[in-house]
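Just a sequence and a predicted model for now, questions to come.
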Amino acid sequence: MPEPHSSLPIEIIRSTRRRRTVQASIVDGVIQVRAPASISKAELDATVATLVARLERRHRSESVDLDGRARRLARRFDLPQPTSVVWAEQRSRWGSCTPSTGELRLSNRLAAWPPWVLDYVIVHELAHLVEFDHSPAFHAIVDRYPLAERARGFLIAKSQGEQDTADDSGSLD
């Protein structure tokens with residue numbers, strides 16, 4: 001089977017004991033995919049592509065210091081410090097926050113893209129700690145980030161590409 005695009009090697013392990021589920025994990029730097037022996041090649045290829053993409057995102061996101069990055073951006077743009085910043089498996093948003101608690105959640109899809117896009121999403125979510133809606137005051141805060149317009153364009157392009165393949169809106173919140 002041709003391997004999906006991956007920075008890690010992929011090993012497919014078929015088992016006659018496994019009946020329905022396909023499972024993937026990273027073991028010693030190798031993505032191991034365990035699948036039923038009876039699964040069709042087409043179904044396995046599609047499932048492997050999805051699982052590998054998810055694991056790759058998680059693997060890339062582990063090297064990013066989200067908390068430190070958000071704290072630096074909050075200081076730089078005079079925004080409230082978040083109480084926590086975590087990666088999340090978000091399919092329909094790039095980020096979200098809970099203003100009452102100061103918690104930020106960022107889609108782990110962002111880990112694969114340029115750092116200035118991640119920074120924009122962090123600034124966007126931090127701005128919600130000041131302005132809860134998408135009012136002109138909110139946009140004035142977000143637009144303090146010098147690459148805001150460029151990052152919005154990048155995310156719009158990514159959202160449209162994902163809508164074409166997965167019907168994913170990719171909104172910020």
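Structure received. As the structure is a computational prediction, the values presented were derived from the model and not from experiment. Numbers count the residues shown, from 1 in each chain.

thinking Ile13 is in contact with Ala35, fair?
Yes: at 7.2 Å, Ile13 and Ala35 qualify as touching, with contact defined as CB atoms under 8 Å. For every residue, glycine as well, the C-beta is placed using N, CA and C.

Between these two, tell me which one has more neighbours.
Ala35 (21 against 11; other CB atoms under 10 Å).

got a list of contacts for the helix or strand that one falls within?
Applying DSSP states H and E as the criterion places Ala35 in strand 30-36. Contacts with strand 30-36, where a contact means CB atoms under 8 Å, 6 or more residues apart in numbering, come from 6, 8-16, 18-26, 44, 47-48, 51-52, 55.

Give me the next element, helix or strand, following that strand.
helix 41-61.

Which residue ranges make up the domains of this structure?
10-61, 66-166 (automatic domain parsing).

and the last one, how far out from the chain's middle?
Per CA atoms, centre = their mean, to the nearest Å, the displacement of domain 66-166 from the mean C-alpha position of its chain is 11 Å.

can you tell me the average pLDDT over that domain?
Taken as a whole, domain 66-166 has a mean pLDDT of 91.

One more: the first one?
Averaged across domain 10-61, the pLDDT comes to 85.

What about Glu56, how many residues nearby?
Glu56: 20 neighbours (other CB under 10 Å).

ugh, typo on my part, it should be Ser135
As a burial measure, Ser135 scores 10 neighbours (other CB under 10 Å).

before we move on, back to that, just name the most buried of the domains of the chain.
domain 66-166 (a mean of 17; mean count of other CB atoms under 10 Å).

residues in contact with Leu66?
Leu66 touches Val85, Val86, Trp87, Leu106, Ile122, counting by CB under 8 Å, 6+ apart.

Any chance of the backbone angles for the first one?
Just to be clear, that refers to Val85. phi -140, psi 120 (degrees, to the nearest 10).

I figured it hits Ala70, correct?
Yes: with contact defined as CB under 8 Å, Val85 reaches Ala70; the gap is 4.4 Å.

what is in contact with these two at once?
Shared contacts of Val85 and Ala70, counting by CB under 8 Å, 6+ apart, come down to Leu104, Ile122.

what's near enough to touch the nearest residue to Phe132 once chain neighbours are set aside?
Leaving aside its chain neighbours, Phe132 sits nearest to Pro99 (5.5 Å; criterion: CB to CB, 6 or more residues apart in numbering). By CB under 8 Å, 6+ apart, the residues touching Pro99 are His128, Leu129, Phe132.

hey, where'd the strands end up in this structure?
For the chain, the strands defined by DSSP state E cover 10-15, 23-27, 30-36, 84-88, 95-98, 103-107.
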